[in-house]
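S.K.: This is the structure alone, sequence omitted:
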């Protein structure tokens, strides 16, 4: 539970590279997420190339911190893989994204969830930048790095938001 409670949105990073085995661990964590019908409708783009990372803030106003991050992972969805009616792929990709964030914290890394889907201009810009096929939906972008800032754990438990058996 420690990694869950310590996970915070980190927006300042040291330039240290992230070892490949750590990246694989983060992706394993992502792919361990639950998914509707076990469809696992996700794909991932690991971005290390500085030129690509530096391009993102040009079309995503909230992505300035990516210029410091040595790495980002783009979580993408395959809506066509869904076996059930509805957009369950969104929930599946959200679970994979959260697993990356928690795993990064457990590894001593900082990360932040940058929303991409459903903002059309962000999705299209990432498609063009990274050569993503039309049937793949860019969902969330996660800058990752050794944290250059510390934030205390945040206890956000609010019993007034909890209802038992009925509203």
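M.R.: Structure's in. What do you need? These numbers were taken from a predicted model, which means no experiment stands behind them.
S.K.: So which elements touch the helix or strand harbouring residue 125?
M.R.: Assigned by DSSP states H and E, residue 125 belongs to helix 120-130. The contact analysis (3 or more CB pairs under 8 Å, 6 or more residues apart in numbering; DSSP states H and E) places helix 120-130 against helix 50-55, strand 137-145. Backbone N, C-alpha and C define where each C-beta goes, glycine included.
S.K.: mind redoing it with 7 Å?
M.R.: In terms of contacts (3 or more CB pairs under 7 Å, 6 or more residues apart in numbering; DSSP states H and E), helix 120-130 is packed against strand 137-145.
S.K.: Buried residues in the helix holding residue 125, which are they?
M.R.: Under the neighbour-count criterion of 16 or more other CB atoms under 10 Å, helix 120-130 has 122, 123, 125, 126, 127, 129, 130 buried.
S.K.: Longest helix in the chain, please.
M.R.: helix 88-106 (DSSP state H).
S.K.: if we can go back for a sec, would you turn the buried residues of helix 120-130 into JSON lines with pLDDT?
M.R.: Compiled in JSON lines, the buried residues of helix 120-130 are given as follows (pLDDT from 0 to 100):
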{"residue": "122", "pLDDT": "98"}
{"residue": "123", "pLDDT": "98"}
{"residue": "125", "pLDDT": "98"}
{"residue": "126", "pLDDT": "98"}
{"residue": "127", "pLDDT": "98"}
{"residue": "129", "pLDDT": "98"}
{"residue": "130", "pLDDT": "98"}
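S.K.: In JSON lines, list these along with distance to residue 41.
M.R.: Putting these into JSON lines (distance: CB to CB, whole Å) gives the following:
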{"residue": "122", "distance to residue 41": "19"}
{"residue": "123", "distance to residue 41": "16"}
{"residue": "125", "distance to residue 41": "22"}
{"residue": "126", "distance to residue 41": "17"}
{"residue": "127", "distance to residue 41": "17"}
{"residue": "129", "distance to residue 41": "22"}
{"residue": "130", "distance to residue 41": "18"}
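S.K.: Poorly predicted segments of the protein, please.
M.R.: The chain contains no residues with pLDDT under 70.
S.K.: Give me the neighbour count for the spatially closest residue to residue 11 that is not a sequence neighbour.
M.R.: Nearest residue to residue 11 in three dimensions, chain neighbours excluded: residue 65, at 4.0 Å (CB to CB, 6 or more residues apart in numbering). For residue 65, the count of nearby residues is 21 (other CB atoms under 10 Å).
S.K.: how close does residue 65 sit to residue 19?
M.R.: Distance, residue 65 to residue 19, using CB to CB, to the nearest Å: 21 Å.
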